[in-house]
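J.: Build me a structure from this.
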Amino acid sequence: MANITNNDDSNGFICPECEHTVSCKDVSRSMAPPTGKTLDPWQSVLQTSKCDKCKYTIPCHLAYRWSNINFKDARIEWIKLYKKRSLQQP
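T.: Model prediction:
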C-alpha cells in the first residue's frame with residue numbers, strides 16, 4: 001500500500017479502500033432527491049469512481065477528497081458509511 005499522509009492535498013483519485021491512485025471508471029448519476037428518512041448514504045451520492053485495483057465503487061467526494069477532507073477522514077467515512085453497500089466486482 002502507498003503511504004498516504006493526512007496532509008495530502010493533491011485532490012487526485014486515491015481509493016480509501018486500497019490507496020490505489022488510478023480509477024478505471026467515473027460515473028455521474030441523476031436521481032430523484034431522497035424523500036423521508038433514509039438510512040442509505042448512497043442515496044445522495046451522484047458521482048462515483050471505480051478503483052482500478054480493488055474494483056470498489058467509491059463516492060467521488062471521498063476518492064477526490066472534496067471540501068478539504070483529508071485522506072484519513074475520507075477512509076473513516078468510507079468504512080463507516082459506504083463500504084458495506086458498495087458495488088465490488090472481483
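J.: okay, the lowest-mean-pLDDT helix or strand in the chain in CSV with CA atoms only?
T.: Every helix and strand of the chain was ranked by mean pLDDT, DSSP states H and E. The lowest is strand 23-28, at a mean of 81. Taking C-alpha atoms only, strand 23-28 is exported to CSV below (Å, rounded to 0.1, in the frame of the first residue of the first chain):
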residue,chain,number,x,y,z
SER,A,23,-9.7,4.9,-11.3
CYS,A,24,-11.0,2.9,-14.2
LYS,A,25,-14.5,4.4,-14.5
ASP,A,26,-16.1,7.6,-13.4
VAL,A,27,-19.9,7.8,-13.3
SER,A,28,-22.4,10.6,-12.8
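J.: which strands and helices sit next to the helix or strand just after that strand?
T.: Downstream of strand 23-28, the next assigned helix or strand under DSSP states H and E is strand 47-51. The contact analysis (3 or more CB pairs under 8 Å, 6 or more residues apart in numbering; DSSP states H and E) places strand 47-51 against strand 23-28, strand 57-59, helix 60-63. No exception for glycine: its C-beta is placed from N, CA and C like everyone else's.
J.: Dump those to TSV, plus mean neighbour count.
T.: Converted to TSV, the helices and strands packed on strand 47-51 look like this (neighbours: other CB atoms under 10 Å):
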stretch	mean neighbour count
strand 23-28	13
strand 57-59	23
helix 60-63	22
